[in-house]
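# have a look; sequence and predicted model below, questions after that.
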Amino acid sequence: MALVVLIHLAVAGILVLFRRPLGRWAFVVGALGPASTLLWAALNGSRVLSGDPATESFTWVASLDLTIAFRVDAYSLLFLLVVAGIGLPIFLYSQSYFSPSSRATNFAATMTLFAGSMVGLVAADHLLALFVFWELTTITSYLLIGYYDQKAEARSAALHAALVTGGGGLAMLGGIVLLAGEAGTYLISEITANPPVGSNVLTVAWALILLGAVTKSAQFPFHAWLPGAMAAPTPASAFLHSATMVKAGIFLVGRLGFAGVAAADWWQPAVFTIGFITMVLGGWRALRQYDLKLLLAFGTVSQLGFMFLLLGSGIPALAFGGLAILVGHALFKATLFLSVGAIDHETGTRDLRRLSGLRRSMPRLFWVTTAAALSMTAMPLTLGFAAKEAAFDGLLAESVWLIAAAATASTLTVAYTARFMFGAFGPAVPGTEPATGKRLASRSALLWAPALLAVMSVGIGLLPTLVLPIVNGAAKVVSGVAKAGKLVIWPGFVPALAWSLASLTAGLLLAWRRQLVDRTTEAVGRVAERLPSADTAYRRSIPALLRFADRSSGLLQNGSLPAYIAIILMVAVTAPTVAAIGESPVLVTPPGGSMLEWILGALIVGFAVALPFVRRRFAVVILLGGVGYGIAALYSVFGGPDLTLTQLLVETLAVALFAFVLRHLPATFSRPATARLPRLAVALAVGAFVFFAGLVVNGARSSETISDTLVADSVPEAAGSNVVNVILVDFRAFDTLGEITVLVAAALGAAGLVIPVIRDARSRT
Amino acid sequence: MKTRPSAILEAGVIAVSGPVLVFSAYLLFAGHNQPGGGFAGGLVAGVAVLLVWAAGGTDTVRKVLPVRSTVLMGVGLLVAAGTGFAALLPGLAFLESGYAELSIPLVGDVKIVSALFFDIGVYLVVIGMVLALVRALGEDATAEEVPQ
């Protein structure tokens, strides 16, 4: 499996490196990615379906128990087939859609990278690996949506999608870490086999994970990014934003839903509510669109809501129906998007008011689109029908409310499908400039790629047994229930069929009276536009966030060095003090020092106390140096030659460097800009804190001191008898490496700050 | 405006800075078993740089130490990190140390600790840092040459 992911990566890399020679056939080369996935599935499919998952595991960081683990069971296999089975025709379609250019080649490389990330996402068994692939799809999606980067609209849509799904992904990461902490493992297979229960942490964990899935799969209230993402070139919309990436959230709730239900009693109601609102809202909004792609996008939102509800429910029969719908949806929605792409490509518009007479000018595309549209409305003899019957059957067994909700969404689906078909292939609206297309050549991938997918929609509808083993196997894997679901051409007169027929009839009625529907949606829409929507919420939240960042950094990064130091010191004082409250710390009385120690101490204190009363800068530097030398002498008294040496040298250098700076400054301090009282308060607080902390920490040791082991190990382990140096260059050498790196950064920074000032001063003289 | 420091001071400083540098090298090499080490050694060398500056200004510093401070710091970091990576070659962990006992003619038996090379990196970084600060801060605002 890792090999398949690597092939995608390699193909993407080769495309970017050999842009010139490969540019003409960029998408055909990119198609090697999905082709390799399909080949893998062909070789391993039957074994996986027989209940023997294909597993691979690579150690990444052994000491952190981090592995890159892949585990392809029937559930993963189903998603792999969707990703590659839809991806391959879309790659070939793109070859005809784009004219060769270096940007198109980059697009092909990004799409290949996306396909590889998607493969990794559905095949990963380690939650952190899943997260990495998850965010890779976010990033590639961002690049693909923003392909037309000269358009501000495309750029902001790409950002919107990336912020929402990326933010959800981060929330999910938090959830993953909490969940793994409770479960004691990061492996999905182990978590689902033995879900952790009975902890409050799990509530937070599952809520965060659900948030990740909700944002990724464009569920209410985060759905607004998906219609925006239609700014992407149509092949990307077909691939990412209908068939695959938006299904990642569905994939996750399907995979973990049963564990979620086991751990949190709010999970199921939450999933039902979110799914229900999303599917009705999406269907309703689709009815009001004029752009064919936007219409399909809202339709996708609606269908995603349905799948989210089914797969997230943690109910075996619903999971089965959800998976069947997922396959059906991927096939018909990709077809429809590709058809819209072909129409857009040939006529230059996607406005359904302007498109006219395409039924005659593009007859073959019309039939292809019709087949997919029939599957979308779940007409008998299509996969959409068989899948929806399975889902309705499961819903009916659960609750009348659920099936009523699904039937409402289905009615809307029929209505917006009619709007789509009449809009695209019917006459233009009077008063607009009509756009007509020309006949597509049958060898053009613009035609045969969607045709292939449409044939699959209908073919599988007629022969549902083609996908039944995979759907069944997948449902079995996630639900743990061996009961096989049914996927049939005609279910017979069962109660669920009554609901289907009712929603179909209602939908056809809406389609028949669509002028009336248009007027109604228009009128309601005018009112609804004034209500808060997810889109305006996003639009308002970004400037608000920037304002907040602006104000908070203006407050904290105000450019005043005394303020910075005060903040740092007060945090250092406050945090441990707060932590110590209620701990009843023990004050350890230090042993009485020798005469020499008292004298040195008095000297240090004398220098320090004198400091605030001196106005001359140079005297201040000398006094500070005196404090430092005094401390060096104390080190020496306590028997620390290394510390003494280093302290003396640092003090010497510091005084000398101060002297450098002083040459450029006035000889005396000016009156401080801020009042003396707050400064005095900070100074006293720090002094008191350090004094008491010194007395407390000596009595607060809770574990063995490591000094003894360090001293004992110094010669045998590191062949050095100066333990201070051995600690610096051997035991804690990694720390030292970090410190000298910081030293270099600080030196460069200081030099970089000073040199321009001097140059500036010189240019003025 | 710029006045030349006394020639006696300059000569004296140059005479002293040699032994100071030797002392700094001693601290570096002895550090593993005696007080000292790369950090202290580097600081002592830094003091020598300061003395040279006091005697002759940044021009003299540039003459005595014709190296860019950035090069010193970069090489130092490379040596320190390189010691860490070198440990990977014989299959040790990053920065894990080893030692070898050699007998060198005229010198005698010497124990070479791989951590010494790490310490040399620290030493170079510290000298580079002092040099960078001296060159930046010690530059006279009225001098004609632009500091490099």
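Sure thing, it's come through.
# doesn't A:Ala69 lie inside a strand?
Yes. Using DSSP: H, G, I helix; E, B strand; the rest coil, the assignment for A:Ala69 is a strand.
# can you give me the strands for the stretch 351-500 of chain A?
Using DSSP state E, counting those that start in this stretch, no strands are found in the stretch 351-500 of chain A.
# buried ones in the helix or strand harbouring A:Ala747?
If you go by DSSP states H and E, A:Ala747 is part of helix A:733-764. Of the residues in helix A:733-764, A:733, A:736-737, A:740, A:743-744, A:747-748, A:750-751, A:754-755, A:758, A:762 count as buried by neighbour count, 16 or more other Cβ atoms under 10 Å in any protein chain shown. From N, CA and C alone the C-beta is placed, and that goes for glycine too.
# tell me the mean pLDDT for that helix?
Here helix A:733-764 scores 86 as its mean pLDDT.
# how far away is the closest residue to A:Pro53 other than its chain neighbours from chain B?
Nearest-residue entry for A:Pro53: A:Asp73, 4.1 Å, with adjacent residues in sequence omitted and distances by Cβ to Cβ, 6 or more residues apart in numbering or on different chains. Between A:Asp73 and chain B the computed distance is 37 Å (Cβ to the nearest Cβ, to the nearest Å).
# report the mean per-residue pLDDT for stretch A:389-398.
86.
# how far does it sit from its chain's centre?
Its chain's C-alpha centre and that of stretch A:389-398 lie 33 Å apart, by Cα atoms, centre = their mean, to the nearest Å.
# show me what it is in contact with.
Stretch A:389-398 is contacted by residues A:306, A:310, A:313, A:315, A:317-318, A:320-322, A:324-325, A:402-403, A:406-407, A:485-488, A:491, A:494-497, A:499-500 when judged by Cβ atoms under 8 Å, 6 or more residues apart in numbering or on different chains.
# and for stretch B:74-83?
A:736-737, A:740-741, A:744, B:95, B:114-115, B:117-118, B:120-128.
# neighbours of A:Val253, how many?
Residues lying near A:Val253 (other Cβ atoms under 10 Å in any protein chain shown) number 33.
# dihedrals phi and psi, it?
With angles defined as degrees, to the nearest 10, A:Val253 sits at phi -70, psi -30.
# next up, the contacts around it.
A:Leu210, A:Ala213, A:Ser217, A:Gly260, A:Val271, A:Phe308, A:Leu311, A:Gly312.
# quick check: closest non-adjacent residue to the fifth one.
Read that as A:Val271. Nearest non-adjacent residue to A:Val271, counting by Cβ to Cβ, 6+ apart: A:Gly312, 3.8 Å away.
# quick check: the one you found touching A:Phe251?
No. A:Gly312 is beyond contact range of A:Phe251, at 10.8 Å (criterion: Cβ atoms under 8 Å).
# these two: who's more crowded?
Per other Cβ under 10 Å, whichever of A:Gly312 and A:Phe251 has more neighbours is A:Gly312, with 33 against 26.
# the more buried one and A:Gly249, how far apart?
9 Å (Cβ to Cβ, to the nearest Å).
# same question for B:Ala132.
B:Ala132 sits at a distance of 52 Å from A:Gly249 (criterion: Cβ to Cβ).
# same thing with B:Arg68?
Distance from B:Arg68 to A:Gly249, by Cβ to Cβ: 54 Å.
# who's more crowded, those two?
More crowded of B:Arg68 and A:Gly249, by other Cβ under 10 Å: A:Gly249, with 29 against 15.
# can you tell me the helix or strand for the more buried one?
Counting by DSSP H and E, A:Gly249 is part of helix A:247-263.
# mind checking the pLDDT average for that helix?
91.
# just the CA coordinates of that helix, formatted as PDB?
Output in PDB follows, covering the C-alpha atoms of helix A:247-263 (Å, rounded to 0.1, in the frame of the first residue of the first chain):
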ATOM      1  CA  LYS A 247     -16.200  12.000   1.600                       C
ATOM      2  CA  ALA A 248     -13.200  12.000   4.000                       C
ATOM      3  CA  GLY A 249     -15.400  13.200   6.800                       C
ATOM      4  CA  ILE A 250     -18.000  10.600   5.900                       C
ATOM      5  CA  PHE A 251     -15.200   8.000   5.800                       C
ATOM      6  CA  LEU A 252     -14.100   9.000   9.300                       C
ATOM      7  CA  VAL A 253     -17.600   9.000  10.900                       C
ATOM      8  CA  GLY A 254     -18.300   5.700   9.200                       C
ATOM      9  CA  ARG A 255     -15.100   4.200  10.500                       C
ATOM     10  CA  LEU A 256     -15.300   5.600  14.000                       C
ATOM     11  CA  GLY A 257     -19.100   6.100  14.400                       C
ATOM     12  CA  PHE A 258     -19.700   2.800  16.200                       C
ATOM     13  CA  ALA A 259     -16.900   3.600  18.700                       C
ATOM     14  CA  GLY A 260     -18.400   7.100  19.000                       C
ATOM     15  CA  VAL A 261     -21.800   5.800  19.800                       C
ATOM     16  CA  ALA A 262     -20.400   3.400  22.300                       C
ATOM     17  CA  ALA A 263     -18.600   6.200  24.200                       C
END
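# ok, then the element right after it?
That would be, after helix A:247-263 and using DSSP H and E, helix A:267-286.
# give the buried residues for that following helix.
Buried residues in helix A:267-286 (16+ other Cβ under 10 Å): A:267-268, A:270-272, A:274-286.
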